[in-house]
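Trainee: Following is a predicted model, sequence given first.
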Amino acid sequence: MPRPLRFCFLSIFYPPYSFGGDAIFVSRLANALAARGHEVDVIHCVDSYKTLAKLEPETAFANHPNVTVHPLRSRLGILSPLIAQQTGNPWPKTSKILEVFYSKKFDVLHYHNISLFGPGVLRLEPDYRDYIKLYTAHEHWLVCPMHVLWKNNERVCEKPECLRCTLNFRRPPQLWRYTRLLEECETLVDAFISPSFFTRRMHQQRGFAPAMTVLPHFVPEPAVGSPHGKPPLGRPYFLYVGRLEKIKGVEALLAAFREYARADLLIAGTGTMEAELRSQAEGMSNIRFLGTLSQEALAEYYRGAIAVLVPSAGYEVLGLIILEALLHRTPVIAHDLGALSEVVEQSQGGLLYRDQTELLAAMERLQNDAELGRRIGERGYQAYTERWTEQAHLGAYFQLLEDTARRKLGYVPWEQPVRTSLLFPAVAAVGSGAISRKSYGLEAVSTDLQ
């Protein structure tokens, strides 16, 4: 039997120091691996979170005992991610990252959102060679300084004008993007992962050269014996779940519900546009803001909704909210854009719309025909069980790990007998220079595999 693996995840955000779906997925993957007996170390950047949130998160987050979290803080505080954003290198955090790399022998280094580490973080390596390095494109950061192909903070990007767009976002230009740093660092990754065919295509169209394996995210099923609360009572309702940001398109829903009085719109989530959206909704008795809800509470709202509305105005890389709706057998009505269209078409678990007229027609159709909603929800759930479960994802994930190891190393290290001791060279290559264990006081770090 293959031995348990040791993973090291690097991600700017990780719960509770996080905002969106990328960090949620990273935590789900880390804990799913841990529950199967593997060890997972997660490196994330508290300074990056505080550049946006300012305060400590209000809620805690529990991990499986096999997950070890390494929150990085620098004496430079929020200047640390700014340095990485400008130079493309993580040098204020380099020693801490290498300390984790040297602390044990990892089989897999998996990079997720590394935007405020900079591409230079891909140069940091352990002082052993039989590991593989993965990168998942949770956003479009590899081809877009603003991460999301959202031009001038107004619309989807049809043609790159990156400097002007960056300034319109009131962000400092990333100087390293005008060098070959990213291209050089890309060569150090053994396999790139895209959550959807659409996202892979967008990277290719914007000039990203390396091959990408499409591996969709997953949504875990509730644990056996989890309580199932009753759906909320009251008027019929449609549900929106997600961040309240301009790119998410919630304003379009408010406009639609000014004309649609037969049902309520329940909005679950927070974000920088919350105050503005609440102001726009003043006097609309069919709009309710729920704030941030737990997954258990959200499950009740999913099950009771006529449909989940996904109005994103920008390019989602997959659409985790659609998967959550499918899990609960709830139809979706999604904007016919990007990866949202891909997931709805693959699942047949919802309806697509292109404008407000089509949105209103889809809402009317599902509210008037409960049997149609039930059939669509059931189709979506069946597709979920085939494509987007934890088991389906991990099966494809481990196949990718094995294929990548054979391509890079010629064999699969974790299928070999476990060695009880390791001899490490004294120096680990980092970019064009070299960093020694001793220079960071790491020479005494244990590397025992037993």
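Mentor: Cool, got the structure.

Trainee: going forward, measure contacts between C-alpha atoms and count neighbours the same way
Mentor: Fine.

Trainee: Can you tell me the closest non-neighbouring residue to Lys248?
Mentor: Ser312 (4.1 Å; Cα to Cα, 6 or more residues apart in numbering).

Trainee: what's the helix or strand for the one you found?
Mentor: Ser312 is part of no helix or strand when elements are defined by DSSP states H and E.

Trainee: can you offset everything so residue one is 52?
Mentor: Sounds good: first residue 52 from here, last item Ser363.

Trainee: gap between it and Phe243?
Mentor: To Phe243, Ser363 is 25 Å away according to Cα to Cα, to the nearest Å.

Trainee: which parts of the longest helix along the chain are buried?
Mentor: Taking residue count as the measure and DSSP state H as the definition, the longest helix of the chain comes out as helix 441-460. Under the neighbour-count criterion of 16 or more other Cα atoms under 10 Å, helix 441-460 has 441, 443-445, 451-453, 455-456 buried.

Trainee: Export these as JSON lines, with columns for distance to Leu61.
Mentor: Shown next, in JSON lines, are these (distance: Cα to Cα, whole Å):
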{"residue": "Glu441", "distance to Leu61": "21"}
{"residue": "Ala443", "distance to Leu61": "23"}
{"residue": "His444", "distance to Leu61": "19"}
{"residue": "Leu445", "distance to Leu61": "19"}
{"residue": "Leu451", "distance to Leu61": "19"}
{"residue": "Leu452", "distance to Leu61": "17"}
{"residue": "Glu453", "distance to Leu61": "20"}
{"residue": "Thr455", "distance to Leu61": "19"}
{"residue": "Ala456", "distance to Leu61": "19"}
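
Trainee: Could you single out the nearest of those to Cys236?
Mentor: Compare each of the buried residues of helix 441-460 with Cys236 using Cα to Cα and the shortest gap goes to Thr455, at 17.8 Å.

Trainee: residues in contact with the closest one?
Mentor: When contacts are counted by Cα atoms under 8 Å, 6 or more residues apart in numbering, Thr455 is found next to 183, 241-242.

Trainee: now Ile94
Mentor: Going by Cα under 8 Å, 6+ apart, the list of residues near Ile94 reads 59-63, 120-123, 148.

Trainee: Just the helices from the stretch 252-401 of the chain, written as ranges.
Mentor: Remark: helices of the stretch 252-401 of the chain, listed N- to C-terminal, are 301-308, 325-331, 346-355, 371-378, 389-398; assignment by DSSP state H, counting those that start in this stretch.

Trainee: Give me the contact list for the second one.
Mentor: Applying Cα under 8 Å, 6+ apart, the external contacts of helix 325-331 come out as 295-296, 302, 305, 340.

Trainee: Turn those residues into JSON lines, including pLDDT, neighbour count and distance to Gln136.
Mentor: JSON lines is the format used below for the contacts of helix 325-331 (pLDDT from 0 to 100; neighbours: other Cα atoms under 10 Å; distance: Cα to Cα, whole Å):
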{"residue": "Leu295", "pLDDT": "96", "neighbour count": "22", "distance to Gln136": "25"}
{"residue": "Glu296", "pLDDT": "93", "neighbour count": "16", "distance to Gln136": "22"}
{"residue": "Glu302", "pLDDT": "96", "neighbour count": "19", "distance to Gln136": "31"}
{"residue": "Leu305", "pLDDT": "97", "neighbour count": "19", "distance to Gln136": "35"}
{"residue": "Phe340", "pLDDT": "97", "neighbour count": "16", "distance to Gln136": "34"}
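
Trainee: ok, of these, which one's closest to Pro170?
Mentor: Within the set of these, Glu296 lies nearest Pro170; the separation is 26.4 Å, counting by Cα to Cα.

Trainee: Give me the below-cutoff pLDDT ranges for the stretch 52-201 of the chain.
Mentor: Across the stretch 52-201 of the chain, the ranges flagged by pLDDT under 70 are 52.

Trainee: if you set the cut-off to 90 instead, what comes out?
Mentor: By pLDDT under 90, the weakly predicted segments of the stretch 52-201 of the chain are 52-53, 70-72, 102-111, 129, 142, 178, 180, 197-198.

Trainee: residue ranges for the helices of it, please.
Mentor: Using DSSP H, counting those that start in this stretch, the helices of the stretch 52-201 of the chain run over residues 72-86, 97-104, 130-138, 145-154.

Trainee: List just the one of those helices that sits closest to Asn114.
Mentor: In terms of Cα to Cα, the element of the helices of the stretch 52-201 of the chain nearest to Asn114 is helix 72-86, at 6.5 Å.

Trainee: Which neighbouring elements make contact with that closest one?
Mentor: Other helices and strands packing on helix 72-86, by 3 or more Cα pairs under 8 Å, 6 or more residues apart in numbering; DSSP states H and E, are strand 90-96, strand 118-123.

Trainee: List the buried residues for it?
Mentor: Across helix 72-86, burial judged by 16+ other Cα under 10 Å covers 73-85.

Trainee: Go through these and say which is closest to Gln256.
Mentor: Of all the buried residues of helix 72-86, Gln256 sits closest to Asp73, with 22.7 Å by Cα to Cα.

Trainee: The closest one contacts Ile165, correct?
Mentor: No: the pair Asp73 and Ile165 fails to qualify as a contact (Cα atoms under 8 Å) at a distance of 11.3 Å.

Trainee: any chance of the buried residues of helix 72-86 in JSON lines, with distance to Gln346 too?
Mentor: Rendered in JSON lines, the data for these read as follows (distance: Cα to Cα, whole Å):
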{"residue": "Asp73", "distance to Gln346": "16"}
{"residue": "Ala74", "distance to Gln346": "15"}
{"residue": "Ile75", "distance to Gln346": "11"}
{"residue": "Phe76", "distance to Gln346": "13"}
{"residue": "Val77", "distance to Gln346": "16"}
{"residue": "Ser78", "distance to Gln346": "14"}
{"residue": "Arg79", "distance to Gln346": "13"}
{"residue": "Leu80", "distance to Gln346": "16"}
{"residue": "Ala81", "distance to Gln346": "18"}
{"residue": "Asn82", "distance to Gln346": "16"}
{"residue": "Ala83", "distance to Gln346": "17"}
{"residue": "Leu84", "distance to Gln346": "20"}
{"residue": "Ala85", "distance to Gln346": "20"}
